[in-house]
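Q: Pasted the sequence and its predicted model underneath.
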Amino acid sequence: MIKARSVLWFRRDLRIHDNAALDWACENSAAVIPVYIHSPEEERPWAPGAASRWWLHHSLALLQNKLADKGLTLHFYSGNSEELIPKIIAESKAGSLVYNRLYEPHMQDRDSRIEKKIEDEIEVVSFDSGLFFPPGTVLNNQQLPYRVYTPFYRKIRPLLSVSQSQQYSQPSSGCSKVPESISLSSGLPLKSLALLDEHSWHEKLASHWLPGEDRACELLDEFTDSAVEHYEIERDIPAVDSTSRLSPYLHFGEITPQQIYFAFWPLLEGERGAGASRSAEVFLKQLIWREFAHNVLWHFPETSTKPMNPRYKKKFWRSNKSAFIAWSKGETGIPIIDAGMKQLWETGWMHNRVRMIVSSFLTKNLGINWLDGASWFWDTLVDADLANNSMGWQWVAGCGVDAAPYYRVFNPITQTRRFDSKFSYIDTWVPGHAVSDYPHPIVDLASSRDEAIQRYKHYISS
Ligand SMILES: Cc1cc2nc3c(=O)[nH]c(=O)nc-3n(C[C@H](O)[C@H](O)[C@H](O)COP(=O)(O)OP(=O)(O)OC[C@H]3O[C@@H](n4cnc5c(N)ncnc54)[C@H](O)[C@@H]3O)c2cc1C
């Protein structure tokens with residue numbers, strides 16, 4: 001059989017290893033034409049923020065080099081994918097389009113439109129990717145989506161057992177058989193995608209992160225070799241570097257949950273003792289939160305812009321511009337909040353415990369709409385992820401799935417005592433917090449908490 005040429009469309013699967021679309025293209029094509037299309041208009045209102053674009057730029061540069069080592073040229077485009085894909089197929093004379101699926105509802109709609117447009121002319125091959133199971137496939141006994149995490153976890157956890165499912169073998173090492181490479185004249189240089197802001201604020205991110213799948217694999221190795229042992233106990237302590245920091249790598253598909261599970265398997269089996277096994281299990285629970293978030297967004301696509309619970313519509317929230325600015329700049333006068341917001345601004349990341357404290361303060365003590373906070377995170381986080389961010393914010397604000405009860409208002413002072421008792425985290429990000437002229441808190445914590453609870457009570461009973 002004569003093999004056709006394949007256009008291999010990279011999206012958020014910026015890796016060589018464990019990449020089903022790449023493997024298929026290499027195995028089944030006479031020539032492979034890898035492409036990446038920057039199409040922020042198609043992602044609105046959640047077009048990639050500034051920190052994400054910084055990551056994307058570097059990740060694409062590294063992927064380009066990796067593909068070049070295999071003799072393949074990554075082509076860059078900017079614009080409307082629905083128009084560009086047919087043009088690229090025509091120019092390259094390809095007989096197939098291959099890609100790994102995305103699950104955000106508007107991305108799936110776009111992909112189906114493209115598929116419909118071209119499926120009579122060429123073969124379209126797509127693969128599940130980026131999650132343990134495609135969203136929508138893990139349902140409760142009534143065949144309905146889960147709205148609460150724990151039963152979702154109980155259902156999915158046994159399905160992950162290697163001995164039962166046999167589906168996680170050693171992930172593929174990436175395109176062993178290299179077909180012919182083709183270069184298209186229409187491709188642009190990476191720089192012309194203009195992913196990097198002209199303002200050089202993003203330069204500081206490079207001192208905290210190295211994007212790309214090689215670094216993802218190194219981090220996974222470091223984490224499984226040592227840090228994981230303390231994860232169960234230390235994962236809530238923001239001053240200690242005990243979480244994996246794999247979130248941006250997972251978001252951009254530089255590493256897959258399957259690769260992580262495979263690396264964790266010996267730990268889960270107890271090879272390094274009961275402590276490490278428990279810690280690995282706790283870590284797996286976090287990955288399953290990610291899986292849950294993606295399922296929630298898939299079943300309830302409106303939750304990226306609307307509260308899951310319709311009671312909390314716009315008029316529930318208050319407008320307070322100056323308080324929002326103080327929060328975003330880390331100038332609230334509450335050291336743990338200011339430390340978190342400064343960590344975010346400096347590094348593009350914030351510890352999960354502190355994400356919960358700062359989001360509770362914004363939505364409950366200040367009464368500001370969770371969407372304003374989610375938008376700020378979206379622009380500043382290197383791991384900004386629509387499913388995780390929407391669920392995280394709605395969970396804390398009390399208006400989402402499996403939401404924290406309305407009366408749970410994280411008290412920043414108590415949280416500091418519990419999770420940063422020696423002020424090590426705060427000292428790092430706001431070294432001046434102990435001085436007498438440190439600004440006073442912008443709100444009184446006790447009275448703003450009481451007001452918040454009254455407001456929530458009123459809305460729930462009305
Ligand atoms: C208000 C708020 C907003 C958030 N926004 C995002 C976001 O935009 N992108 C994002 O990836 N995470 C988000 N999270 C979840 C969590 O804070 C981060 O995933 C975590 O801090 C990333 O650090 P890590 O990789 O070291 O985590 P680890 O503790 O090492 O966890 C491993 C992986 O599990 C997943 N995970 C961990 N906790 C959660 C969680 N609560 N929900 C969903 N997945 C989880 C992540 O993919 C993470 O990389 C948010 C949480 C809150 C409270």
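A: Happy to help now that I have it.
Q: C-alpha from now on. contacts and neighbour counts both.
A: Noted.
Q: just the strands in the stretch 101-250 of the chain please.
A: For the stretch 101-250 of the chain, the strands defined by DSSP state E, counting those that start in this stretch cover 123-127, 180-181.
Q: between these, which one is nearest to the ligand?
A: Among these, strand 123-127 comes nearest to the ligand, with 20.4 Å by Cα to the nearest ligand atom.
Q: ok, of the strands of the stretch 101-250 of the chain, where does mean pLDDT dip lowest?
A: Note on the strands of the stretch 101-250 of the chain: strand 180-181 shows the lowest mean pLDDT, a mean of 78.
Q: Walk me through which strands it pairs with, and which way each runs.
A: Using DSSP bridges, strand 180-181 pairs in its sheet with strand 31-38 (parallel).
Q: Mind giving me the packing neighbours of the next helix or strand after the strand it pairs with?
A: Moving toward the C-terminus from strand 31-38, the next helix or strand (DSSP states H and E) is helix 40-43. Packed against helix 40-43 by the contact rule (3 or more Cα pairs under 8 Å, 6 or more residues apart in numbering; DSSP states H and E) you find helix 105-118.
Q: angle of the helix it packs on against strand 123-127?
A: When axes from the mean of the first three to the mean of the last three Cα atoms, to 10 degrees is applied, the directions of helix 105-118 and strand 123-127 differ by 160 degrees.
Q: any idea how far the nearest residue in space to Ser181 that is not next to it in sequence lies from the ligand?
A: Distances taken as Cα to Cα, 6 or more residues apart in numbering put Leu72 closest to Ser181, at 5.2 Å, once the chain neighbours are dropped. Look at Leu72 and the ligand: by Cα to the nearest ligand atom, to the nearest Å, they are 30 Å apart.
Q: picking that back up, now the strands of the stretch 101-250 of the chain in JSON lines, with distance to the ligand and mean neighbour count?
A: Output for those, formatted as JSON lines (distance: least, Cα to the nearest ligand atom, whole Å; neighbours: other Cα atoms under 10 Å):
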{"stretch": "strand 123-127", "distance to the ligand": "20", "mean neighbour count": "16"}
{"stretch": "strand 180-181", "distance to the ligand": "34", "mean neighbour count": "16"}
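Q: With Cys26 as the reference, name the closest of those.
A: Ranking those by proximity to Cys26 (Cα to Cα) places strand 180-181 first, at 9.2 Å.
Q: OK, contacts around Ser52?
A: Going by Cα atoms under 8 Å, 6 or more residues apart in numbering, Ser52 touches Asp379, Thr380, Leu381, Val382, Asp383, Ala384.
Q: Please give the element, helix or strand, for it.
A: Per DSSP H and E: helix 50-69 holds Ser52.
Q: Distance from that helix to the middle of the chain?
A: 16 Å (Cα atoms, centre = their mean, to the nearest Å).
Q: could you check whether it is close to the ligand?
A: No. On the criterion Cα under 6 Å from any ligand atom, helix 50-69 is out of touch with the ligand, staying 10.2 Å away.
Q: Give me the mean pLDDT for that helix.
A: On average, helix 50-69 scores 97.
Q: now stretch 316-334
A: Regarding stretch 316-334, the rounded mean pLDDT is 96.
Q: what does stretch 82-93 give?
A: 97.
Q: circling back to that earlier point, can I get the strands of the stretch 101-250 of the chain in JSON lines with distance to Thr303?
A: Output for those, formatted as JSON lines (distance: least, Cα to Cα, whole Å):
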{"stretch": "strand 123-127", "distance to Thr303": "25"}
{"stretch": "strand 180-181", "distance to Thr303": "42"}
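Q: Any idea which helix or strand in the chain has the lowest mean pLDDT?
A: The helix or strand of the chain with the lowest confidence, counting by mean pLDDT, DSSP states H and E, is helix 162-165 at a mean of 48.
Q: From the ligand, how far off is Leu184?
A: 35 Å.
Q: let me fix that: Ala90
A: Separation of Ala90 from the ligand (Cα to the nearest ligand atom): 37 Å.
Q: Let me know the helix or strand that that residue is in.
A: Counting by DSSP H and E, Ala90 is found in helix 81-92.
Q: what comes into contact with that helix?
A: 5, 7, 33, 37, 39, 77, 95, 97, 110, 113-114, 118, 182, 184.
Q: mind listing what's buried in that helix?
A: Ser81, Glu82, Ile85, Pro86, Ile88, Ile89, Ser92 (16 or more other Cα atoms under 10 Å).
Q: so who does Glu43 touch?
A: Counted by Cα under 8 Å, 6+ apart, Glu43 has contacts His106, Met107.
Q: again but with Leu74, I slipped
A: Applying Cα under 8 Å, 6+ apart to Leu74 gives the contacts Ile33, Pro34, Val35, Tyr36, Gln64, Leu67, Ala68.
Q: Which two of the residues you listed have the greatest separation?
A: Tyr36 and Ala68 (14.4 Å).
Q: Look at those two and report which has more neighbours.
A: More neighbours surround Tyr36 than the other of Tyr36 and Ala68, with 20 against 13 (other Cα atoms under 10 Å).
Q: Show me how far the helix or strand hosting Gln259 is from its chain's centre.
A: Assigned by DSSP H and E, Gln259 falls within helix 257-268. Computed by Cα atoms, centre = their mean, the chain-centroid distance of helix 257-268 equals 19 Å.
Q: Around the ligand, pick out the residues from the stretch 301-450 of the chain.
A: His351, Asn352, Arg355, Met356, Ser359, Asp383, Ala384, Asp385, Asn388, Asn389, Gly392, Trp393.
Q: Return the member of the residues you listed nearest to Leu287.
A: Of all those, Leu287 sits closest to Asn388, with 10.8 Å by Cα to Cα.
Q: which ones are touching that closest one?
A: Contacts of Asn388 were listed using Cα under 8 Å, 6+ apart, and they are Arg290, Ala293, His294.
Q: now it: how far from Asp379?
A: Using Cα to Cα, to the nearest Å, Asn388 is found at 14 Å from Asp379.
Q: For Ser436, give its distance to the ligand.
A: 31 Å.
Q: Do you know the pLDDT at that residue?
A: Confidence score, pLDDT, at Ser436: 84.
Q: follow-up on the earlier one: could you write me a ChimeraX select line covering just the buried ones among the residues of the stretch 301-450 of the chain next to the ligand?
A: Buried residues among those (16+ other Cα under 10 Å), as a ChimeraX selection:
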select :351,355,356,359,383,384,385,388,389,392,393
